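Asker: Have a look; sequence and predicted model below, questions after that.
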Amino acid sequence: MNSLAPAAATVLACTGMLCSLAAVVPARAALGQPATSVAADQLRMKGQIRHATGTGYRVDQITAPGGTLVKEFISPAGIVFAVSWRGPTLPNLAQTLGSTYFGMLKTAERGERAGLGHNHVQLRTPQLVVHAGGHMRYFFGMAYVPSLLPPNVSVADLH
């Protein structure tokens with residue numbers, strides 16, 4: 001059995017705790033889902049929302065009272081094709097990634113197919129790409145569905 005660096009174990013433990021909540025958290029504007037319920041995410045996080053635009057996409061930014069920022073990247077078709085986060089606490093990844101993609105991340109972690117390093121989790125499949133890391137009081141990450149990326153969007157735009 002491989003030993004994980006303590007901070008990587010912290011990230012895994014946090015996502016593991018969120019996995020147990022996945023069954024009771026209703027679907028919201030999650031990765032791969034329509035963006036019509038972003039307002040529900042705002043209410044659930046008790047955060048402030050700000051809308052911005054990029055070239056050919058929209059970004060809804062929700063800032064939680066504790067300072068965590070979640071960005072939901074929305075295609076012209078109204079689908080959330082990417083999410084990113086940064087701040088002192090992890091967002092509810094079951095809600096942010098949605099049940100399908102959160103399940104893929106959990107499966108990859110259990111099978112040790114996700115790249116694990118000091119303070120970092122990385123998953124790259126044709127269906128989902130996730131980069132996440134951090135340490136106590138500062139977490140960051142991004143996830144996107146390669147097949148949903150609009151043609152004019154670069155992965156570098158997703159931070």
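Answerer: Noted; the coordinates are in hand.
Asker: all strands for this structure, in order.
Answerer: Under the criterion DSSP state E, the chain contains strands at 48-54, 57-63, 69-74, 80-87, 115-117, 120-124, 129-135, 138-144.
Asker: thinking Gln95 is in contact with Arg44, fair?
Answerer: Yes - the pair Gln95 / Arg44 is scored as a contact, 6.9 Å apart, by Cβ atoms under 8 Å. Quick note: C-beta positions are derived from backbone N, CA and C, even for glycine.
Asker: which one of these two has more residues nearby?
Answerer: Taking other Cβ atoms under 10 Å, Gln95 and Arg44 do not tie; Gln95 has more neighbours (23 against 17).
Asker: pLDDT score for the more buried one?
Answerer: For Gln95, the model assigns a pLDDT of 86.
Asker: Of the strands of the chain, which shows the lowest average pLDDT?
Answerer: Among the strands of the chain, strand 115-117 scores lowest, with a mean of 55.
Asker: quick one: the residue nearest to Leu148 when sequence neighbours are not counted from Ala108, how far?
Answerer: Of all residues not flanking Leu148 in the chain, Phe81 sits nearest, at 3.7 Å (Cβ to Cβ, 6 or more residues apart in numbering). Per Cβ to Cβ, to the nearest Å, Phe81 is found 20 Å from Ala108.
Asker: between those two, who's got more neighbours?
Answerer: Counted by other Cβ under 10 Å, Phe81 and Ala108 do not tie: Phe81 has more neighbours, with 23 against 19.
Asker: from memory the more buried one sits against Met142, does it?
Answerer: No - contact criterion Cβ under 8 Å: Phe81 and Met142 do not qualify, at 11.5 Å.
Asker: Against Gln48, how distant is the residue nearest to Val155 when sequence neighbours are not counted?
Answerer: Leaving aside its sequence neighbours, Val155 sits nearest to Tyr144 (Cβ to Cβ, 6+ apart; 7.1 Å). Here Tyr144 is placed at a distance of 24 Å from Gln48 (Cβ to Cβ).
Asker: Could you check which of the two is surrounded by more residues?
Answerer: Between Tyr144 and Gln48, counted using other Cβ under 10 Å, Tyr144 has the larger neighbour count: 23 against 12.
Asker: which ones are touching the more buried one?
Answerer: Leu31, Phe73, Phe81, Ala82, Val83, Leu128, Val129, Val155, Leu158 (Cβ atoms under 8 Å, 6 or more residues apart in numbering).
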